[in-house]
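A.B. asks: how would this look folded up:
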Amino acid sequence: MATCIAGRMFIAMLLFAPLAASADSKENDRDHHDKFPFLEATVAQLQVEMAAGHLTSEQLTRAYLKRIAELDQGEPGTAVNSIIELNPDAIATAREADELRRQGKVMGPLHGIPVLLKANIDTGDKMQTTAGSLALQGTPALHDSTVAAKLRAGGAVILGKTNLSEWANFRSFFSVSGWSAVGGQTHNPYGLDHNPCGSSSGSGAAAAANFATVSLGTETDGSIVCPANANGVVGIKPTVGLVSRAGVVPISHTQDTVGPHGRTVADAAITLGVIQSRTSDGRDPATGAVPLGWQGRFSRPTNIPTDYTQFLSPKGLQGARLGVTRQGIDTAPAQVIAAFDKVLTDLQAAGATLVDLDAAKFTFPTATGETLVLDFDFKGDVQSYFATRVGVPMAGKTLADAIAFNNANASAEMPFWGQEIFEQAEALLPGANTPQTDPTLGVPVGTTYNQALAIDQAAVVNGIDLALSKFNLDAVVAPTDNPAWSTDLLYGDHFIFGSSSLGAAGGYPYIQVPATNVFGIPLGITFFGTAFSEPKLITLASGFEAATQQRAKNLPTFSPTIPDEHVEGQPLNLPHRKRQDPPEAWRPHHM
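C.D. replies: You can find the predicted model right below:
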C-alpha cells in the first residue's frame, strides 16, 4: 500500500509542477471535459498543426498531462485510474522532438505524438515494468523492448505506462479485469463503476479518455479487443510475429502479441506501421517465422507493408463478402441482441454481402489445447524473462519463486483471489512430448504439449481458414464481447459471450471497431482473417467506421455509473421536523 501511495504522490508532483502557472484555469468538472483542446484529435490532425507551427509536441504533451491530472487521478469512484506511472522524461523528449522538427527532421508519422505503453512492456528508462506485480518492482528494465525502441526511433513521446490486469490476467481463474497490486483498479470512462475489460484495461481506458493520442496493449486471447470493445475504441490484434514481443513480460510465445488502441482505425493503423517488424528483429524468433496456424503450411510473406494507412478506405465495405457468426450473443439481454442485429443492417447498408455462417451450420472448432499450451509456455517463457531483469524480487528466478513471493506477500498481492493458474502451470510435467496428468487442462489426460499445439492449429485451419475459403469470404465478423459490466471484486468478471478465441490460438489477426451501444455502454464488432491479413482487415474496418461513426456518436462521459438515467426514483417526502436546540458540547464544523 505504501508503494502505491508513493507512486501517486510522484505522479501528482510530475503533473502539477509544470502546470502551476495555469492552475487557476484548471477545469475539474467532468461535464466540461469536452473543452479539452485536443479532444478526439487524430495523429494526422496533430501532425498538420505541428508542421504548420501552430502546435508543439511540448504543448500537446503538457495538455495530456493536465487532462490525466484532472480525470485519471483522484479518490476511488471519481477517476479512471488507467495510468500506473508517468515518464519523468516526457517533457524533455517532447522538446527534443520539437527541436528536430525545427531542423527539418521528422522521424516518422508518430513524431512528437504522446503514446502510452502497457506496464508489461520494457522501457530502458526511469519507468518500471511490473506487469502490475510487486514481484517486478525495483530497478527498471535495462533495455527498451523492441516496440519501445521503434517508437523512440520514430520520434514518439513515451508518456507513461498504463495499468493492467496483474500478470496480464494470467494468475487466477477468479480475477477481475483491470486490477493489479501496483496500480489498483482501473475504471471505465463511460461509467466509472463499470469494468474496462481485459488485461490491457488501462491502455483501452486511457485511449478512450483522451489521455494520449494512442496506446499500446498486449494480447494472448482477447486482451486488446476486449478493452477496445468495453471502452469504445479501435483495437488491432496483429498476427503473432508481425510485432516483436522482445522485452515484454510474457504469457505465451505461441499466442502473445503487441498491438495498438486508437480512437480511429487510421491512428491504430499508423501505430501498427511504426511498431511492426517486417523482418526478424533478432530478439524474437517469431518475427522471422509464421504463427501456429500457418506452421508447416505457408511461409512468411516477403511483401509485409511498412505503411498500413494505404489500406484505409471510407468505402472499404463496398463489395465485401463477410461471414457472420453470432458467438453466443443470443444469450445476452434483448437490447444487446437488437443492437447487434442493427449492426448487421449497417454492414449491408455500407455495401457488404453477409453470409450467415451459423444458419449454414458451419461450426468453429474450439481450441481445446489452449490451456495446456499457455500454461506450458508460461512456465518457461516467464523464467526466460526473469533472467533479463536485475534489482527486482524475481530477477533470475522461476515461476515457483513467483508463487512463493505471492504467498509471502498475500495481503498485497492476493487480497481478492489466489494464483490457481500459476500453480497449475508450475505443476505441469516437463517435456513437450510428455503426457500430462492434470484433468483440469481441458484436454484428455495423457495429452502432450505438442498434441495440444496440433489441436489448436486444427481449430483455426478448420475454423477461420475453412470459412474464408468455403464461403469465398473477405473476413469473418462477430460481436467482440458483451457490453462492460459493473466491476465486482467478489464475483469477478461477467463474460456472456466473446469471439477472440476464433483466431487467438492460431496467432491470427483481428480488428475491433466500435459498432453501437446499449444505454451508452459501447458494443463493438471484430473483423477476423488469416495470418498477415491486416491490410484487408484495415480496409474493412475503416469502411465500417466511415459508414457508422459510432465512436463520434458516443464519447465517454466519466459518469459515476452507466446507465445514469431512471435510477434515482422519486424524491423521498420527508416529514418536517421541529427545530431543536443543539446537544450540549455541540460545535460548528470547520472550526
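
A.B. asks: where's R297 relative to T279, distance?
C.D. replies: According to CB to CB, to the nearest Å, R297 and T279 sit 21 Å apart. (Glycine included, C-beta is placed from N, CA and C.)

A.B. asks: repeat that for L372.
C.D. replies: From L372 over to T279 (counting by CB to CB), the distance is 31 Å.

A.B. asks: what about those two, which has more around it?
C.D. replies: L372 (25 against 10; other CB atoms under 10 Å).

A.B. asks: spatially central, which residue of this structure would that be?
C.D. replies: S200 (3.2 Å; CA atoms, centre = their mean).

A.B. asks: please report phi then psi for that residue.
C.D. replies: phi -90, psi 40 (degrees, to the nearest 10).

A.B. asks: please name the nearest non-neighbouring residue to it.
C.D. replies: Among residues not flanking S200 along the chain, G217 sits closest, at 2.8 Å (CB to CB, 6 or more residues apart in numbering).

A.B. asks: tell me which strands and helices the host helix or strand of the one you found is in contact with?
C.D. replies: In this assignment (DSSP states H and E), G217 forms part of strand 214-219. Packing contacts for strand 214-219, counted by 3 or more CB pairs under 8 Å, 6 or more residues apart in numbering; DSSP states H and E, involve strand 114-118, helix 201-208, strand 257-262, helix 265-275.

A.B. asks: tell me which of the ones you listed sits nearest to E423.
C.D. replies: When those are compared by CB to CB, helix 201-208 sits nearest E423, at 23.9 Å.

A.B. asks: what are the boundaries of the helices in the stretch 51-200 of the chain?
C.D. replies: Along the stretch 51-200 of the chain, counting by DSSP state H, counting those that start in this stretch, helices occupy 57-71, 90-102, 146-153, 166-169.

A.B. asks: with the stretch 301-450 of the chain instead?
C.D. replies: 334-349, 370-386, 399-408, 410-413, 420-426, 449-460.

A.B. asks: save the ones you listed as CSV, and put in mean pLDDT and distance to T309 too.
C.D. replies: Output for the helices of the stretch 301-450 of the chain, formatted as CSV (pLDDT from 0 to 100; distance: least, CB to CB, whole Å):
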stretch, mean pLDDT, distance to T309
helix 334-349, 98, 23
helix 370-386, 98, 33
helix 399-408, 98, 41
helix 410-413, 98, 42
helix 420-426, 98, 39
helix 449-460, 98, 28
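
A.B. asks: now do the strands in this protein.
C.D. replies: Under the criterion DSSP state E, strands of the chain are mapped to 83-86, 114-118, 157-162, 179-180, 184-185, 214-219, 234-237, 257-262, 321-324, 353-356, 475-479, 510-518, 521-528.

A.B. asks: what's the neighbour count on Q451?
C.D. replies: By other CB under 10 Å, the residues close to Q451 number 18.

A.B. asks: on that earlier part again, what would the strands of the chain look like in JSON lines with mean neighbour count and mean pLDDT?
C.D. replies: Converted to JSON lines, the strands of the chain look like this (neighbours: other CB atoms under 10 Å; pLDDT from 0 to 100):
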{"stretch": "strand 83-86", "mean neighbour count": "26", "mean pLDDT": "98"}
{"stretch": "strand 114-118", "mean neighbour count": "29", "mean pLDDT": "98"}
{"stretch": "strand 157-162", "mean neighbour count": "29", "mean pLDDT": "98"}
{"stretch": "strand 179-180", "mean neighbour count": "26", "mean pLDDT": "98"}
{"stretch": "strand 184-185", "mean neighbour count": "18", "mean pLDDT": "96"}
{"stretch": "strand 214-219", "mean neighbour count": "30", "mean pLDDT": "98"}
{"stretch": "strand 234-237", "mean neighbour count": "32", "mean pLDDT": "98"}
{"stretch": "strand 257-262", "mean neighbour count": "29", "mean pLDDT": "98"}
{"stretch": "strand 321-324", "mean neighbour count": "21", "mean pLDDT": "98"}
{"stretch": "strand 353-356", "mean neighbour count": "15", "mean pLDDT": "98"}
{"stretch": "strand 475-479", "mean neighbour count": "28", "mean pLDDT": "98"}
{"stretch": "strand 510-518", "mean neighbour count": "27", "mean pLDDT": "98"}
{"stretch": "strand 521-528", "mean neighbour count": "27", "mean pLDDT": "98"}
